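# Provide a 3D model corresponding to the input given below.
(chains A and B)
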Amino acid sequence: AQSVTQPDIHITVSEGASLELRCNYSYGATPYLFWYVQSPGQGLQLLLKYFSGDTLVQGIKGFEAEFKRSQSSFNLRKPSVHWSDAAEYFCAVAVGYKLSFGAGTTVTVRA
Amino acid sequence: KAGVTQTPRYLIKTRGQQVTLSCSPISGHRSVSWYQQTPGQGLQFLFEYFSETQRNKGNFPGRFSGRQFSNSRSEMNVSTLELGDSALYLCASSLSGAEDEQFFGPGTRLTVL
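Predicted structure coming up:
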């Protein structure tokens, strides 16, 4: 069965610093990969997705992610974090009409 | 256009009762998925419906059921509530399924006492 691992439960980053969130997946073929963000008290919002083609994917809010087949990874990055980026981030894989999510990474932004 | 709406937003029930949650998808979306979110288990897939047909179901007991109507609105039902059913229940809609962008509602917070 497919699975998604987010090794970092919590990351603290200074405003203006860069951010990288790690995601590894386990699946036989190249899956459909997603990053979603959940702000406190809100539903999830799609940041970006990867199906095929260019392995560097641009998303909303200045985020990007890089798909690396050899490492089964799909890491999320942002060059300069804003205080409003404090939230929980979920990596997900879609197989068979369902999304399987990682455990999530909580990002705290300090001034 | 209007987003995904879920009703009610908050619900308090006691053990043994049953509950029905409702989800109205974005207009034109035919796929509706349900997820349970808890601090311990994270986000777990419950089921997905497309044009009134359940296409996939997660690993939940039979107490959890759902359906979709011809207008794509969906309901999920939990019977014989247990304390462990306390969670945020999220509904998501998309044009054709999980491989599309899913648009999530704000969720229904269920508390079982």
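# name the element A:Val57 belongs to?
Per DSSP states H and E, A:Val57 falls inside strand A:56-58.
# I'd like to know which elements that strand is packed against.
strand A:44-50, strand A:64-68 (3 or more C-beta pairs under 8 Å, 6 or more residues apart in numbering or on different chains; DSSP states H and E). Just so you know, the C-beta spots here come from the backbone N, C-alpha and C atoms, and that holds for glycine as well.
# quick one: average confidence on that strand?
Taken as a whole, strand A:56-58 carries a mean pLDDT of 96.
# Parallel or antiparallel, which strands does it pair with?
Looking at strand A:56-58 with DSSP bridges, its partner strands are strand A:64-68 (antiparallel).
# where does B:Gly28 fall, helix, sheet strand or coil?
coil (DSSP: H, G, I helix; E, B strand; the rest coil).
# Skip the chain neighbours and tell me the closest residue to the most centrally placed residue in chain A.
Residue closest to the mean C-alpha point of chain A, counted by C-alpha atoms, centre = their mean, is A:Trp35 at 3.8 Å. In this structure, A:Trp35 finds its nearest non-sequential neighbour in A:Leu47, 4.4 Å apart by C-beta to C-beta, 6 or more residues apart in numbering or on different chains.
# Report how many residues lie close to the one you found.
Other residues near A:Leu47 come to 22 when the count uses other C-beta atoms under 10 Å in any protein chain shown.
# That one reaches A:Phe63, doesn't it?
Yes - contact status for A:Leu47 versus A:Phe63: in contact at 5.0 Å, counting by C-beta atoms under 8 Å.
# Thanks again, I'm all set now.
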